[in-house]
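# what's the 3D shape of this:
(one chain, ligands or ions: 1)
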Amino acid sequence: MTSMPFADPIYVTRPFLPPLQQFAEGLSGIWESRQLTNNGPVLKRFRSSLSLYLQTENVALFNNGTQALQIGLQTMKVAGEVITTPFTFVATTHALYWNKIRPVFVDIEPDYYTLDPEKVEAAITPFTTAILAVHVYGHPCRLEAVEDVARRHGLRLIYDAAHAFGVTVNETSIPRYGDSSMFSFHATKLLHSLEGGALTFADPALKVQVDLLKNFGFKKEMGTATAPRFTPPSAGNLRRWNVLARTRWRNSRTRMPLHTF
Ligand SMILES: Cc1ncc(COP(=O)(O)O)c(C=O)c1O
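Numbers count the residues shown, from 1 in each chain. Predicted coordinates:
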């Protein structure tokens with residue numbers, strides 16, 4: 001039997017936690033503000049720190065990384081086929097599946113287990129709209145080669161950077177590559193918020209769009225006691241909503257299953 005190189009076992013997915021006392025002190029400000037949701041001051045501070053650290057202005061925060069990816073794909077109107085990797089956590093594919101996008105898997109490179117750019121190029125069809133590449137275990141994809149393929153074929157380039165928080169290439173922070181990058185702040189990640197996720201965008205207009213999608217279409221983030229978020233509908237509007245709801249229900253019953261794509 002080989003001896004263990006460390007005195008104690010090292011659990012790679014065990015979360016880092018601050019001293020409980022310190023965490024409780026951090027909570028007291030939230031208790032005083034009584035603002036637990038809707039873009040509160042702690043969230044705003046977290047977002048600006050991330051912006052600085054990740055060297056990107058356009059950061060949107062989410063409940064988790066999967067949701068970030070799902071809503072990001074909707075924001076960028078990605079559809080049809082997306083070329084991606086099978087060597088990832090299943091959530092990467094789920095985000096495509098939930099958007100009724102067909103994942104097209106191509107093989108990985110032997111050294112770092114990231115998407116092989118030559119194989120990506122060979123898999124492009126007239127239905128391909130984007131490449132969803134994954135940085136694996138902190139190792140970035142071959143960024144320049146993947147970007148070159150995306151640019152030459154006019155494809156969106158999205159990175160699942162759940163494993164790559166803090167990674168830089170040529171002194172450039174990883175989310176500065178591609179159209180968008182997703183980070184996970186799940187408890188097993190290097191930087192975590194128990195659960196959480198973020199999406200970064202190269203295009204500031206996409207950040208505005210994703211904030212609207214996140215916030216039920218409301219432009220103002222916060223409602224107050226004197227500013228109701230809901231205006232009672234007129235009879236005409238109610239009728240229109242009913243028609244819309246009935247149409248959606250009918251469409252949902254006739255939607256094609258994914259395997260018929
Ligand atoms: C590569 C990868 N993509 C996506 C996810 C999903 O992130 P989350 O758990 O924050 O939804 C994870 C991890 O948990 C992951 O490892």
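
# okay, stretch 64-76 in PDB with CA atoms only?
C-alpha atoms of stretch 64-76 as PDB (Å, rounded to 0.1, in the frame of the first residue of the first chain):
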ATOM      1  CA  ASN A  64     -26.600  29.500 -10.400                       C
ATOM      2  CA  GLY A  65     -24.400  28.900 -13.400                       C
ATOM      3  CA  THR A  66     -26.800  26.600 -15.200                       C
ATOM      4  CA  GLN A  67     -29.500  29.300 -15.200                       C
ATOM      5  CA  ALA A  68     -26.900  31.900 -16.300                       C
ATOM      6  CA  LEU A  69     -26.100  29.800 -19.300                       C
ATOM      7  CA  GLN A  70     -29.700  29.100 -20.100                       C
ATOM      8  CA  ILE A  71     -30.800  32.700 -20.000                       C
ATOM      9  CA  GLY A  72     -27.600  33.800 -21.800                       C
ATOM     10  CA  LEU A  73     -28.400  31.500 -24.800                       C
ATOM     11  CA  GLN A  74     -31.900  33.000 -24.900                       C
ATOM     12  CA  THR A  75     -30.500  36.500 -24.800                       C
ATOM     13  CA  MET A  76     -28.200  35.800 -27.700                       C
END
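
# Report the rounded mean pLDDT for it.
For stretch 64-76, mean pLDDT rounds to 98.

# if we look at it, which residues are touching it?
60, 62, 91-92, 94-96, 98-99, 101, 130, 156, 158, 160, 162, 179-180, 182-186, 195-199, 206, 209-210, 213-214 (CB atoms under 8 Å, 6 or more residues apart in numbering). Yep, even glycine has a C-beta here, placed from its N, CA and C like the rest.

# Checking residue 94 next. Helix, strand or coil?
In three-state terms, and counting by DSSP: H, G, I helix; E, B strand; the rest coil, residue 94 is helix.

# how far does the lengthiest strand in the chain sit from the chain's center?
Looking across the chain with DSSP state E, the single longest strand is strand 128-134. The chain centroid and the centroid of strand 128-134 are separated by 14 Å under CA atoms, centre = their mean, to the nearest Å.

# Quick one: list the elements packing against it.
strand 81-84, helix 91-98, helix 143-153, strand 156-160 (3 or more CB pairs under 8 Å, 6 or more residues apart in numbering; DSSP states H and E).

# Could you list every helix and strand in contact with the second one?
Put plainly, it is helix 91-98. When contacts are defined as 3+ CB pairs under 8 Å, 6+ apart, helix 91-98 sits against helix 65-75, strand 81-84, strand 102-105, strand 128-134.

# next one: the longest one
Packed against helix 143-153, as judged by 3+ CB pairs under 8 Å, 6+ apart, are the following elements: helix 117-122, strand 128-134, strand 156-160.
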